[in-house]
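Chemist: Output the structure for:
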Amino acid sequence: YASQLQQQHVNVNEIRLIMVGGVRNDEDRMRVQALRGLIEKYGLTPYVTIHENMPWQAMMQLLRESMVGLHTMEDEHFGICLVEYMVAGLVTIGHCSGGPLSDIVANVPSKHDMPQQTMLQSERGFLCTSKAEYAQSFATVFAQFEN
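Modeler: Presented below is the predicted three-dimensional model:
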């Protein structure tokens, strides 16, 4: 993905992934620890941050300062995170299934009514199913908003 952005002359050193979520129990804590281990293993510490149980006001400030909202959960029932991203004015990128597909981003009644491609783009954002599609969505967004 980084090489794809560099080909489009996007300065990848200015891009940050900030993950925000609730940590409710030991299973969640273990998941966060595993993610932090992967971030360190791949040398992504300067570019990826995880915030656990972020206070509401801090999250609102983060949304004001952000460009893209990413939510990758497959078959999300509704997708309230995507709605929050839209309200904050972010470009939304989500999984091409569930509520984001049928109600929020694409307004497609079901997967069976979907066009042949698995990545959809609308005025409300992008829906993807593969790593390549997520990367392409980010590349499209960053290429359009270079400044």
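
Chemist: Give me the contacts around the lengthiest helix in the chain.
Modeler: Ranked by number of residues, the top helix in the chain under DSSP state H is helix 26-41. With contact meaning Cβ atoms under 8 Å, 6 or more residues apart in numbering, helix 26-41 is reached by M19, G21, G22, V23, L44, T45, V48, I50, E52. C-betas here are computed from N, CA, C, even on glycine.

Chemist: partners of the helix or strand just after that helix, with directions?
Modeler: The C-terminal neighbour of helix 26-41 among helices and strands, as given by DSSP states H and E, is strand 48-52. Sheet neighbours of strand 48-52, with direction, are listed as strand 17-21 (parallel) (DSSP bridges).

Chemist: quick revisit: go through the longest helix of the chain and flag the buried ones.
Modeler: For helix 26-41, burial by neighbour count (16 or more other Cβ atoms under 10 Å) applies to I39.

Chemist: about what we covered before: so among the contacts of helix 26-41, which ones count as buried?
Modeler: Buried among the contacts of helix 26-41 (16+ other Cβ under 10 Å): V48, I50.

Chemist: Give the burial count for F78, as a bare number.
Modeler: Other residues within reach of F78, judged by other Cβ atoms under 10 Å, total 13.

Chemist: which residues touch the residue nearest to it when sequence neighbours are not counted?
Modeler: Distances taken as Cβ to Cβ, 6 or more residues apart in numbering place G99 nearest to F78, at 4.0 Å, with adjacent residues excluded. By Cβ under 8 Å, 6+ apart, G99 lies in contact with E76, H77, F78, G79.
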